[in-house]
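*Asks:* Give the three-dimensional model of this entry:
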Amino acid sequence: MSSDKPRFVFILGMHRSGTSCLTGALAATGLFLGKISKGNMDNPRGNYENRSVQKLNDLILDYNHGGWSKPPDSLVITEEYQKAIKEYLSSFGSESLIGIKDPRIVLLADAWLSSAKSFQLIGSFRHPMAVAMSLQKRDSLPIEQGLQLWIQYNERLLKLHRAYNFPIVEYDLSNYDEYCENIGNLAAEIGLNKNIDGIRRFVISTLQTARPASNEVPDQCRELYSNLKRIRYFKVPTENEWARPVTNVPGDKKFVFICGLHKSGTSILFRSLRQHPMISGFAKTGVPEDEGQLLQSVFPPAKAYGGPGRFGFNPDSYLDERSSIVTEENAKQLFADWSRYWDTSKPVLLEKSPPNVVRTRFLQALFPNSFFVVILRHPVAVAYATQKWRPKDVEFLLRHWLVCHERFEADMI
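*Replies:* I've put the predicted structure just below:
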């Protein structure tokens with residue numbers, strides 16, 4: 001992100017990943033796009049791209065022995081091409097915010113951003129199988145090639161995010177209301193009109209046609225998809241929005257949740273804390289380590305997502321306040337399930353489960369008066385201890401440690 005007030009808004013993302021929908025919705029909030037396509041066979045409402053930008057980017061990729069479907073390993077931007085980019089950017093008039101969208105810019109970001117100087121980036125991503133299916137339908141690309149392209153583009157998108165820390169929207173119209181609300185909030189944050197009605201008129205459910213038969217993520221895409229899901233944009237709730245009234249969950253109780261990966265010391269910490277006379281923690285329940293995840297009926301335990309050393313790679317294991325299961329009824333049910341094992345006469349009620357480390361916001365949404373105790377152990381020690389228990393490559397287990405703790409760190413914001 002440039003330090004000055006942005007003049008250009010670059011919409012970034014892999015082909016067939018919702019960038020057209022995002023750009024069209026932002027146009028409804030006042031983003032100026034100039035001369036762009038507003039209708040074609042592959043996109044009934046248009047791809048919202050400028051044809052001269054497409055041609056220029058194709059020329060640059062071709063010069064580097066590549067193309068949109070064959071990203072080059074390295075890039076040479078000649079003075080002629082750099083000049084052409086600058087001339088295009090300088091061709092606009094006095095418009096305050098100018099949108100530019102072409103998926104190829106993900107591959108050519110350095111050339112465009114160095115010429116724009118004053119800019120805002122916004123990204124979009126989509127389930128890898130949905131992208132691969134859409135590319136197969138549009139371009140007759142084999143599914144495996146589509147998945148590989150998804151990885152190449154989104155690795156670059158994530159690298160740009162780390163450099164510029166910009167919002168990335170998930171293109172998933174199964175939750176139409178949330179998608180529209182996110183775009184409206186994002187538009188307001190960058191100085192456009194929120195205009196939810198205009199966004200809704202543009203974003204219609206039929207826009208998203210390629211849907212995978214299941215939410216299963218291909219193995220080669222799982223870690224990258226998890227990272228994108230972890231950083232996806234949503235408006236941080238206000239203090240009032242956090243405070244959800246939950247009937248039959250005592251407001252005079254403090255709920256303390258122990259968080260930490262398997263083999264990180266959570267069990268010994270849990271057993272130590274529950275000895276305190278003011279604390280009630282589960283004991284002699286008959287389930288491994290008296291973990292609360294195994295004593296309730298509201299959400300799936302870690303084993304449903306691969307178990308120790310794996311669950312963090314499955315995006316569905318992440319739960320926060322946006323989850324569909326954050327309801328008053330489920331809060332009551334979860335409290336009822338756990339109350340069978342708590343002494344509810346005590347002021348502090350303690351629970352321990354390793355997946356809590358990626359579910360802190362979810363637990364806080366159900367139990368507003370929540371506190372979290374997080375225990376860390378050196379990742380190498382965790383990896384080797386888990387490997388003895390659940391054989392897996394050490395490098396794989398180290399990545400799992402990192403993914404889970406990055407998620408926890410992001411949830412602390």
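*Asks:* Which parts of the stretch 1-150 of the chain are helices?
*Replies:* 19-27, 51-63, 79-89, 109-116, 128-139, 143-164 (DSSP state H, counting those that start in this stretch).
*Asks:* Around His65, how many other residues sit close by?
*Replies:* The number of residues packed near His65 is 10, by other C-beta atoms under 10 Å. C-beta: built from backbone N, CA, C; applies to glycine.
*Asks:* show me the contacts for it.
*Replies:* Counting by C-beta atoms under 8 Å, 6 or more residues apart in numbering, His65 touches Pro72.
*Asks:* Quick check, Arg407 in contact with Val357.
*Replies:* Yes: look at Arg407 against Val357 with C-beta atoms under 8 Å: they come within range, at 7.5 Å.
*Asks:* shared neighbours, the two?
*Replies:* If you check Arg407 and Val357 against C-beta under 8 Å, 6+ apart, no residue is contacted by both.
*Asks:* one step back: just send the helices of the stretch 1-150 of the chain back as CSV, with distance to Ile231 too.
*Replies:* Formatted as CSV, those follow (distance: least, C-beta to C-beta, whole Å):
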stretch, distance to Ile231
helix 19-27, 16
helix 51-63, 26
helix 79-89, 28
helix 109-116, 17
helix 128-139, 16
helix 143-164, 6
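*Asks:* I'd like those helices laid out as TSV, including mean neighbour count.
*Replies:* Output for these, formatted as TSV (neighbours: other C-beta atoms under 10 Å):
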stretch	mean neighbour count
helix 19-27	26
helix 51-63	17
helix 79-89	15
helix 109-116	18
helix 128-139	20
helix 143-164	18
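*Asks:* for those, which one sits closest to Ser339?
*Replies:* Nearest of the helices of the stretch 1-150 of the chain to Ser339, taken as C-beta to C-beta: helix 128-139 at 40.8 Å.
*Asks:* Mind checking the helices of the stretch 1-150 of the chain for the one nearest to Ala331?
*Replies:* With distances scored as C-beta to C-beta, the stretch of the helices of the stretch 1-150 of the chain nearest to Ala331 is helix 128-139 (32.3 Å).
*Asks:* Who are the packing partners of that closest one?
*Replies:* Judged by 3 or more C-beta pairs under 8 Å, 6 or more residues apart in numbering; DSSP states H and E, helix 128-139 is in contact with helix 143-164.
*Asks:* what are the pairing partners of whichever helix or strand comes after the helix it packs on, and which direction each?
*Replies:* Next helix or strand after helix 143-164 toward the C-terminus (DSSP states H and E): strand 168-170. Within its sheet, strand 168-170 is paired with strand 119-125 (parallel), according to DSSP bridges.
*Asks:* Would you reformat the helices of the stretch 1-150 of the chain as JSON lines and include distance to Thr266 and mean pLDDT?
*Replies:* Below are the helices of the stretch 1-150 of the chain laid out as JSON lines (distance: least, C-beta to C-beta, whole Å; pLDDT from 0 to 100):
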{"stretch": "helix 19-27", "distance to Thr266": "40", "mean pLDDT": "94"}
{"stretch": "helix 51-63", "distance to Thr266": "50", "mean pLDDT": "96"}
{"stretch": "helix 79-89", "distance to Thr266": "53", "mean pLDDT": "96"}
{"stretch": "helix 109-116", "distance to Thr266": "41", "mean pLDDT": "95"}
{"stretch": "helix 128-139", "distance to Thr266": "32", "mean pLDDT": "94"}
{"stretch": "helix 143-164", "distance to Thr266": "30", "mean pLDDT": "96"}
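*Asks:* how close does Ser297 sit to Pro368?
*Replies:* Look at Ser297 and Pro368: by C-beta to C-beta, to the nearest Å, they are 21 Å apart.
*Asks:* give me the number of residues near Ala381?
*Replies:* Neighbours of Ala381 (other C-beta under 10 Å): 13.
*Asks:* Quick check: the residue lying closest to it once chain neighbours are set aside vs Gly307, distance?
*Replies:* Excluding its sequence neighbours, the residue lying closest to Ala381 (C-beta to C-beta, 6 or more residues apart in numbering) is Lys263, at 7.8 Å. In this view, Lys263 and Gly307 are 12 Å apart by C-beta to C-beta.
*Asks:* tell me the contacts of the closest residue to Asp172 other than its chain neighbours?
*Replies:* Nearest-residue entry for Asp172: Tyr179, 6.7 Å, with adjacent residues in sequence omitted and distances by C-beta to C-beta, 6+ apart. By C-beta under 8 Å, 6+ apart, the contact set of Tyr179 is Val169, Glu170, Tyr171, Asp172, Leu173, Val203.
*Asks:* beta partners for the second one?
*Replies:* Partner residues in beta bridges with Glu170, using DSSP bridges, are Phe125.
*Asks:* can you count the residues close to it?
*Replies:* Glu170 has 22 neighbouring residues, counting by other C-beta under 10 Å.
*Asks:* Over to the fourth one?
*Replies:* The local packing of Asp172 (other C-beta under 10 Å) involves 17 other residues.
*Asks:* From Ile325, how far off is it?
*Replies:* Per C-beta to C-beta, Asp172 is found 17 Å from Ile325.
*Asks:* tell me the domain ranges of this structure?
*Replies:* 8-231, 239-411 (automatic domain parsing).
*Asks:* Show me what the one helix or strand Phe255 maps to is packed against.
*Replies:* Here Phe255, judged by DSSP H and E, is contained in strand 254-259. Packing partners of strand 254-259 (3+ C-beta pairs under 8 Å, 6+ apart): helix 266-273, strand 348-352, helix 360-366, strand 370-374.
*Asks:* got the angle between it and helix 266-273?
*Replies:* Between strand 254-259 and helix 266-273, the angle comes out at 150 degrees (axes from the mean of the first three to the mean of the last three C-alpha atoms, to 10 degrees).
*Asks:* Any chance you could list what contacts strand 254-259?
*Replies:* 266, 269-270, 273, 279, 347-354, 356-357, 360, 363, 367, 369-375, 408.
*Asks:* who does that strand pair up with?
*Replies:* By DSSP bridges, strand 254-259 pairs with strand 348-352 (parallel), strand 370-374 (parallel).
*Asks:* Now the following helix or strand past the last one: buried residues?
*Replies:* Right, the one you point to is strand 370-374. Later in the chain than strand 370-374, the nearest helix or strand by DSSP H and E is helix 379-389. By neighbour count on 16 or more other C-beta atoms under 10 Å, the buried set for helix 379-389 is Pro379, Val382, Ala383, Ala385, Thr386, Gln387.
*Asks:* again, but for stretch 337-352
*Replies:* By neighbour count with 16+ other C-beta under 10 Å, stretch 337-352 contains the buried residues Trp338, Tyr341, Trp342, Lys346, Val348, Leu349, Leu350, Glu351, Lys352.
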